[in-house]
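Chemist: sequence unknown, structure follows:
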């Protein structure tokens, strides 16, 4: 094999060529646009090297939206393939590649990025801080995520895509059954991106515990801040397990070790255990911030304080603890014995209790509220019944004996998506719409947004409800085709129609952004929603320094009290503001990790060694760097009559 053959995609198909063309055209369009409008210097100095938490949040947001459509294209192809019996749109290998990349992209590179986007933007504002505790580390976290995502996505065009499922079970993921470098991409891309997520967890725990505004005790924090704090503790405890599992899997594939093999002392079930020890807490890493977003939105648009604040906090802490005690329910059918299955069946059912508490708290908040049906509120109200259906079917799957019927069928696929889509995607769109004016200084169009909601909400139900029926009738998941005699065709065709409805809804969201960017009025009030949390005390959009004067907080509804009761939120004198300087080092280190990962995928060891030395050299340089930031003088800070925010 010559040097270039090792990078070639084995047996490329029309879908591979289409991906190559799409990526090439996208790159050319970006380069041409930046060159034509002479924006290279602006993009580098204001965005690529930024350490501002708000701009990092927006970059996470853009990346998440791109990954949403990348993973959504895979979903449409899967539903199209199974829409009719004996379809030949995709072959078995292509289908395996597509459903593998769909799962990884949606969970790791879309949902996680969306969560990081909203946490990055909103958390410092909600706790009255001017930035996160470690701004440069925050930038490095983003670039590790970004280059990890890029490393994973180029597998389609260089070397071959992973095809052993998003959970990448061994021995299927071993070299005996996955001989291409696709699974190497999986191992290294998730390793790099996961490192960025772990650093984010440490950063936000420190930020929330050490940088809250004066007077903001833990039990006075907004619910989204509480959800972020609990989520980041889960990240810090769960992601090292994934890191170790990926390292062991990489060594099995590249160095011939036997951690997960079926010979020489290896144990393939060890991978399943390690993966799901991380994987099920990962579900709650996605869900808990969504719960915090829904709490903010319901309180705002029901015009009421959140019912049961303390019970909401306790339930989130309980969920975080129980999330580490349920992982075995992912392989009830793999023979670990009745006693073990029974224990994990009970813990799986118990974790539904604190989740139910939160739903009842939201319903009691809505009771007698003056409900305003905005776009964020519609997604929140749509979430409750759809998520409840998904959760109830999860309790069915928690019954170990019954799981022998449900497991590895489309019933499980329907359950998972009816939890994740309303529990995460609805929340992310609701949060995006809710904080959009704070991010960009104008509102998204409500009418277009409501049309998008109805297409998405109805599309979710039409797509996944039929899978309950076909799954109970025996349709296995991961199967790329089936015969007409099975009777699955009608249910799969309905699912395909629902997927097209989802596609229309997401296209409407993109059109809404385009339309609103062109036609929505600027200079809107600082609080267009009549919201309750502290971030709305800042101007719209938010300046570099967030708060001209750090606020003093006396209640969990500080901004609401400031508006309605008139107490003084900004009490300190105006002083010069110290802010960190931008830095190009995070993106350079991220690029170094990309080169390191790519070389590792193909076993190009001299490049691996050189890139490793480069990364450590950059880290050493940063440790010796003398950068004391810059000051914004008082003369550059405009103060309103309340004494705290910019005009």
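Modeler: Ah, there it is. All figures in this text were calculated on a predicted structure; none of them were measured in a lab. Numbers count the residues shown, from 1 in each chain.
Chemist: how about residue 469, nearest residue that isn't a chain neighbour?
Modeler: Of all residues not flanking residue 469 in the chain, residue 491 sits nearest, at 5.6 Å (CB to CB, 6 or more residues apart in numbering). For every residue, glycine as well, the C-beta is placed using N, CA and C.
Chemist: please tell me how far the one you found sits from residue 504.
Modeler: As judged by CB to CB, to the nearest Å, residue 491 and residue 504 stand 21 Å apart.
Chemist: those two: who's more crowded?
Modeler: When neighbours are counted by other CB atoms under 10 Å, residue 491 and residue 504 differ, and residue 491 comes out ahead with 20 against 13.
Chemist: what about the helices in the stretch 101-250 of the chain?
Modeler: In the stretch 101-250 of the chain, the helices defined using DSSP state H, counting those that start in this stretch lie at 112-126, 135-153, 182-210, 223-255.
Chemist: the shortest one to helix 223-255, inter-axis angle?
Modeler: Read that as helix 112-126. With axes from the mean of the first three to the mean of the last three CA atoms, to 10 degrees as the basis, helix 112-126 and helix 223-255 are set at 140 degrees to each other.
Chemist: what helices or strands is helix 112-126 leaning on?
Modeler: Judged by 3 or more CB pairs under 8 Å, 6 or more residues apart in numbering; DSSP states H and E, the packing partners of helix 112-126 are helix 53-81, helix 135-153, helix 182-210, helix 223-255, helix 268-301, helix 426-440.
Chemist: make TSV out of those helices and add distance to residue 127 and mean neighbour count.
Modeler: Compiled in TSV, the helices and strands packed on helix 112-126 are given as follows (distance: least, CB to CB, whole Å; neighbours: other CB atoms under 10 Å):
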stretch	distance to residue 127	mean neighbour count
helix 53-81	11	20
helix 135-153	15	25
helix 182-210	6	23
helix 223-255	6	21
helix 268-301	13	23
helix 426-440	15	25
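Chemist: now residue 333: closest residue in space, sequence neighbours ignored.
Modeler: Leaving out its chain neighbours, the residue that sits closest to residue 333 by CB to CB, 6+ apart is residue 407, at 4.9 Å.
Chemist: quick one, phi psi at that neighbour?
Modeler: Here is the backbone geometry of residue 407 (degrees, to the nearest 10): phi -60, psi 140.
Chemist: please look at it and residue 332 and confirm they touch.
Modeler: Yes. Contact criterion CB atoms under 8 Å: residue 407 and residue 332 qualify, at 6.5 Å.
Chemist: which of those two has more neighbours?
Modeler: Shown here are residue 407 and residue 332; by other CB under 10 Å, residue 332 has more neighbours (23 against 20).
Chemist: which residues touch that one?
Modeler: Neighbouring residues of residue 332 by CB atoms under 8 Å, 6 or more residues apart in numbering: 341, 344, 345, 400, 403, 404, 407.
Chemist: which pair in those spans the largest distance?
Modeler: Spatial extent of the contacts of residue 332 (CB to CB) is set by the pair 344 and 404 at 14.6 Å.
Chemist: have a look at these two and say which one is more surrounded.
Modeler: Taking other CB under 10 Å, residue 344 and residue 404 do not tie; residue 344 has more neighbours (21 against 11).
Chemist: distance of that one from residue 320?
Modeler: Distance, residue 344 to residue 320, by CB to CB: 17 Å.
Chemist: residues near the closest residue to residue 44 other than its chain neighbours, how many?
Modeler: Spatial nearest neighbour of residue 44, excluding adjacent residues (CB to CB, 6+ apart): residue 584 at 7.7 Å. Residue 584 has 12 neighbours, counted by other CB under 10 Å.
Chemist: one more: the one 4 residues further on?
Modeler: Burial measure for residue 588: 16 neighbouring residues, criterion other CB under 10 Å.
Chemist: now do the contacts for it.
Modeler: Counting by CB under 8 Å, 6+ apart, residue 588 makes contact with residue 618.
Chemist: that one: which element?
Modeler: Per DSSP states H and E: residue 588 is located in helix 585-602.
Chemist: chain center to that helix, what's the gap?
Modeler: Taking the mean of its C-alpha atoms, helix 585-602 sits 22 Å from the chain's own mean (CA atoms, centre = their mean, to the nearest Å).
Chemist: what is the helix or strand just after that helix packed up against?
Modeler: Next helix or strand after helix 585-602 toward the C-terminus (DSSP H and E): helix 605-624. Under the contact criterion of 3+ CB pairs under 8 Å, 6+ apart, helix 605-624 touches helix 585-602.
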